[in-house]
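Enquirer: no sequence on hand, only this structure:
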């Protein structure tokens, strides 16, 4: 009985899998959390392995989907610790990472679902090749044939990255043409969009980046008014010499010493947009940088406000429309550091913390 | 010729003085800056001395006025350094301090001036007994006979102190009844008003103060929901045990370690009102406390905003009316630590930094 039914179900499963992707898939590759950082993150904290293939019929309101592209983002570092933090819980040891992805629909559950086989969608999902997901969490993206953009732009300039740059710059920064914007992590995924949007809005834009090549790219290609390599020049020295009038808006991707020194160069009534603190995420508590210049928040009447882009959902549609228009016009450039293969996720992710990537790091699967 | 004219002018001067105050005044006492702190402030940085009596006729649009009461406020510490800071320049060595005062009008320049002899006014002025001041910078305060309040309330609960509590609590804090407010320096001039207004607005109110007596006063007299002595209990320990749900609004008078530990106990979308950093004002740069928990501004979507009350001028009249109503009703209590005599200004001022005063420190002259 047991043998019979096992064999029966196995044959059903196998037929389903064949049906679903038109090929036999013996393994469902995944990027797994092998261990937690102690204290610093290393390649050995990750493992490329397999998870069970999704089985059984796809429920109504769900889809079977396969990964097309995977995002790596700094906030994921927090999820590697065994602590409640941020807006989602920690990754589990032995389980796949998860985050922003582009997926292709392999099978749609139920009749008349809104997503059809072959559709490309963006969403949050496990970093495993195939999985069943509720339709409610997925959003269809235009095919590259129809939009002229690669679908993975919806992980970057037209995805949470671009939104994390554009919406807070407007909502918290409240920029006025002619004002001065300083952005740290300026050659990164978010920072490079912040700076370009700043230029489009008529701001003077200055940036900090981690190599001379990145600095050249910011100034020559993205038309920043100035930029510096923070590994060879201090923020304090750059701002004192190149931005003597001070900073109206600081878009902070890094926290720590850069934030501390920028506080001393903010103008009265300046705004600091707290997007991230990448300099501190992989730093154990005892070694964290202590910011000493916070009294400037009082004396200069500054506003320092953090955000999580998922809180600003209602503003996504208009923002994506605006960003896509700028990309089509050529006034907003997307740059990606592309990795090929799911097994490159750890390398791409670790690269975020050592400045290995320029623009958005994307893993094409 | 020289002797004659000197004697002549001296006799004129003397008559003017006699006329102005109905008594002969041989000296114009003042609180002078003797030297700058290096690095810490000490009593020897001040000197009680004299300055020239105001001479000549009082110009139209000005008044001759004498000090009635003098305020000491933490921001004045910044003015003792030889650096541009805050909203006014540094005090000058050998010259009087200046700040918030209550004055009595001795003589009004020109016909039909808006201020009459004997009127009581509030304003910013030098800490010298008599001086000529433009009417434009002065505001008449009700006599104690008409209001039922001592005039020096207009240095405290009904002056910049009360306004610095009330206006930012509403404008930056945006309190909603039932939310939790934590205030540091809670037994101080601003903090004690913040906490009481919080209770009136239906908040749960917790405070940090520097002695067991102050803590008792906050809880027993001002009806705080809880308070602790920061010299014997850490902010972290108090908030973890007594405010487990977290803090919606933190009114920060002290900066430093208290701010750092409070960041860890803020609720999502919490607001931090940056009023002051008294723990850091008298601390040389190398010894300043480094705040390590700023990443919570991002992860908890906090807003940390500083203010200078003089920026919020348009909101004064309504705010004073509201505060005076509460004081009359008895729902808002004023407490002062009173010093008698202009020569007590240094002691009262130094007392701000060692927690010697409860409520508002006022010097009655």
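Expert: Nice, thanks for sending it over. Being a predicted model, the structure only gives us computed values, none of them experimental. Numbers count the residues shown, from 1 in each chain, chains lettered A, B, ... in the order given.
Enquirer: going forward, measure contacts and count neighbours with C-alpha atoms only.
Expert: Will do.
Enquirer: and the residue nearest the centre of chain A?
Expert: Most central residue of chain A, judged by C-alpha distance to the mean C-alpha position with C-alpha atoms, centre = their mean, is residue A:73 at 4.0 Å.
Enquirer: identify the residue nearest that residue in space, chain neighbours excluded?
Expert: Of all residues not flanking residue A:73 in the chain, residue A:349 sits nearest, at 7.1 Å (C-alpha to C-alpha, 6 or more residues apart in numbering or on different chains).
Enquirer: on that earlier part again, phi first, then psi, for the residue nearest to the centre of chain A.
Expert: Dihedral angles phi and psi of residue A:73 (degrees, to the nearest 10) take the values phi -140, psi 150.
Enquirer: quick check, pLDDT for it.
Expert: With respect to pLDDT, residue A:73 scores 92.
Enquirer: same check on the one 3 residues further on?
Expert: Predicted confidence (pLDDT) for residue A:76: 92.
Enquirer: for the closest residue to it other than its chain neighbours, give the beta-bridge partners.
Expert: Taking C-alpha to C-alpha, 6+ apart, and ignoring the residues beside it in sequence, residue A:76 has residue A:99 as its nearest neighbour in space, at 7.8 Å. With DSSP bridges applied, the residues forming beta bridges to residue A:99 are residue A:125.
Enquirer: how does chain A divide up, domain by domain?
Expert: The record's domain parsing of chain A by automatic domain parsing lists A:26-155+A:335-364, A:160-311.
Enquirer: going by mean pLDDT, which of the ones you listed comes out lowest?
Expert: domain A:26-155+A:335-364 (a mean of 92).
Enquirer: tell me which stretches of the stretch 201-350 of chain A form helices.
Expert: Across the stretch 201-350 of chain A, reading from the start of the chain, the helices by DSSP state H, counting those that start in this stretch fall at A:212-216, A:235-242, A:256-263, A:278-281, A:295-299, A:316-329, A:345-352.
Enquirer: in terms of secondary structure, what does the first one contact?
Expert: Using 3 or more C-alpha pairs under 8 Å, 6 or more residues apart in numbering or on different chains; DSSP states H and E as the contact criterion, the secondary-structure elements in contact with helix A:212-216 are strand A:226-229.
Enquirer: just checking: what are the partner strands of the strand it packs on?
Expert: Strand pairing for strand A:226-229, using DSSP bridges, gives strand A:204-209 (parallel).
Enquirer: quick check, the residue in the stretch 151-300 of chain A closest to chain B?
Expert: When distances are taken as C-alpha to the nearest C-alpha, the stretch 151-300 of chain A reaches nearest to chain B at residue A:290, 3.5 Å away.
Enquirer: contacting residues around that residue?
Expert: Remark: with contacts taken as C-alpha atoms under 8 Å, 6 or more residues apart in numbering or on different chains, residue A:290 is in contact with A:256, B:289, B:290, B:291, B:292.
Enquirer: now swap in residue A:228 and tell me
Expert: A:207, A:208, A:209, A:212, A:215, A:238.
Enquirer: list only buried entries from these.
Expert: Buried by 16 or more other C-alpha atoms under 10 Å in any protein chain shown: A:207, A:208, A:209, A:215, A:238, out of those.
Enquirer: and those as a markdown table, adding distance to residue B:144?
Expert: Below are these laid out as a markdown table (distance: C-alpha to C-alpha, whole Å):
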| residue | distance to residue B:144 |
| --- | --- |
| A:207 | 58 |
| A:208 | 59 |
| A:209 | 62 |
| A:215 | 66 |
| A:238 | 56 |
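Enquirer: of those residues, closest to residue A:165?
Expert: Within the set of these, residue A:207 lies nearest residue A:165; the separation is 13.9 Å, counting by C-alpha to C-alpha.
Enquirer: hang on, the closest one packs against residue A:224?
Expert: Yes: if you go by C-alpha atoms under 8 Å, residue A:207 and residue A:224 touch, sitting 7.3 Å apart.
Enquirer: quick check: neighbours shared by the two?
Expert: Counting by C-alpha under 8 Å, 6+ apart, the residues touching both residue A:207 and residue A:224 are A:195, A:218.
Enquirer: now for residue A:204, how many residues are close by?
Expert: 20 (other C-alpha atoms under 10 Å in any protein chain shown).
Enquirer: gap between stretch A:249-269 and the chain center?
Expert: Relative to its parent chain, stretch A:249-269 has a centroid offset of 22 Å by C-alpha atoms, centre = their mean, to the nearest Å.
Enquirer: how long is it end to end?
Expert: Using C-alpha to C-alpha, to the nearest Å, the end-to-end distance of stretch A:249-269 comes to 9 Å.
Enquirer: so which strand or helix has residue A:66?
Expert: Secondary structure assignment for residue A:66, by DSSP states H and E: strand A:62-71.
Enquirer: how about stretch A:297-316: buried residues?
Expert: Neighbour-count burial for stretch A:297-316 flags A:297-309, A:316 (criterion: 16+ other C-alpha under 10 Å).
Enquirer: so that stretch, near chain B or not?
Expert: Yes: judged by C-alpha under 8 Å from any C-alpha of the partner chain, stretch A:297-316 comes into contact with chain B through A:297, A:298, A:299, A:300, A:301, A:302, A:303, A:304, A:305, A:306, A:307, A:308.
Enquirer: show residues contacting stretch A:127-134.
Expert: Residues outside stretch A:127-134 that contact it (C-alpha under 8 Å, 6+ apart): A:28-32, A:50-51, A:53-54, A:58, A:61-67, A:70, A:96-99, A:125, A:342.
Enquirer: all strands for the stretch 101-250 of chain A, in order.
Expert: Chain-ordered strands for the stretch 101-250 of chain A, with DSSP state E, counting those that start in this stretch as the definition, fall at A:120-126, A:130-134, A:139-140, A:180-183, A:204-209, A:226-229, A:247-252.
Enquirer: ok, residues contacting the strand holding residue A:66?
Expert: Contacts made with strand A:62-71 from outside it, assessed by C-alpha under 8 Å, 6+ apart, are listed as A:58, A:99-110, A:115, A:127-135, A:152, A:155, A:342, A:345, A:361-365.
Enquirer: look up how far residue A:134 lies from the residue of the stretch 151-300 of chain A closest to chain B.
Expert: Relative to residue A:134, residue A:290 is positioned 43 Å away (C-alpha to C-alpha).
Enquirer: gap between the two ends of stretch A:280-299?
Expert: Between the opening and closing residues of stretch A:280-299 there is a gap of 26 Å (C-alpha to C-alpha).
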